[in-house]
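*Asks:* could you work out the structure for the sequence below:
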Amino acid sequence: MIFEYPNARLVVYPVEDMSNEQEQGATRPPTVDEVTEALRQVIDPEIGMPIVDLGLVYDVKVDGMGTVEVVYTLTSLGCPAGPAIDGQIREVLSFLPGVAEHKTTIVFQPPWTPEKMNEEAKAALGFF
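*Replies:* Residues are numbered from 1 along each chain as shown. Just a heads-up that it's a prediction; the model follows:
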């Protein structure tokens, strides 16, 4: 599924490696790792990189009933990409198998800094 945003394009791919139970029709909540991997599809429209790689995702929680909560931040308090990023997160979660309900929470403490990026993002953006 493809979603178009002003400065970004979101392509949602199904998460692979689902258990045999899911193939037989039973669903299980996704793991934190599966949610985090799915969130790699969420691209910061201003920077053009995944929010996971940028270190914007602070926490992912999944309960046994399939409720997923994503706690994230933005690169700055007045970041204009906030609504687009939140919309992308919600879209990805809505298509992730086993998610019964989802919640996004934006926080600004601790503030984001470039040190939160993974090594690939730092290299791509010229931070060493």
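*Asks:* grab the nearest non-local neighbour of residue 35.
*Replies:* Spatial nearest neighbour of residue 35, excluding adjacent residues (CB to CB, 6 or more residues apart in numbering): residue 60 at 4.9 Å. (C-beta placed from N, C-alpha, C; glycine too.)
*Asks:* surely that neighbour meets residue 34?
*Replies:* No: applying CB atoms under 8 Å as the test, residue 60 and residue 34 come out as separate, 9.5 Å apart.
*Asks:* now do the same contact list for residue 116.
*Replies:* 54, 55, 56 (CB atoms under 8 Å, 6 or more residues apart in numbering).
*Asks:* neighbours of the first one, just the number please.
*Replies:* So the one you mean is residue 54. 24 (other CB atoms under 10 Å).
*Asks:* ok, now the second one?
*Replies:* Neighbouring residues of residue 55 were enumerated by other CB under 10 Å; the total is 19.
*Asks:* same question for the last one.
*Replies:* Close neighbours of residue 56, defined as other CB under 10 Å, add up to 24.
*Asks:* list the contacts for it?
*Replies:* 44, 72, 73, 74, 75, 85, 112, 116.
*Asks:* next step: these restricted to strands.
*Replies:* Mapping the contacts of residue 56 onto strands (DSSP state E) picks out 44, 72.
*Asks:* could you dump the contacts of residue 56 to a markdown table with distance to residue 64 and pLDDT?
*Replies:* Rendered in a markdown table, the data for the contacts of residue 56 read as follows (distance: CB to CB, whole Å; pLDDT from 0 to 100):
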| residue | distance to residue 64 | pLDDT |
| --- | --- | --- |
| 44 | 31 | 96 |
| 72 | 23 | 98 |
| 73 | 27 | 97 |
| 74 | 30 | 97 |
| 75 | 33 | 93 |
| 85 | 28 | 97 |
| 112 | 31 | 95 |
| 116 | 29 | 96 |
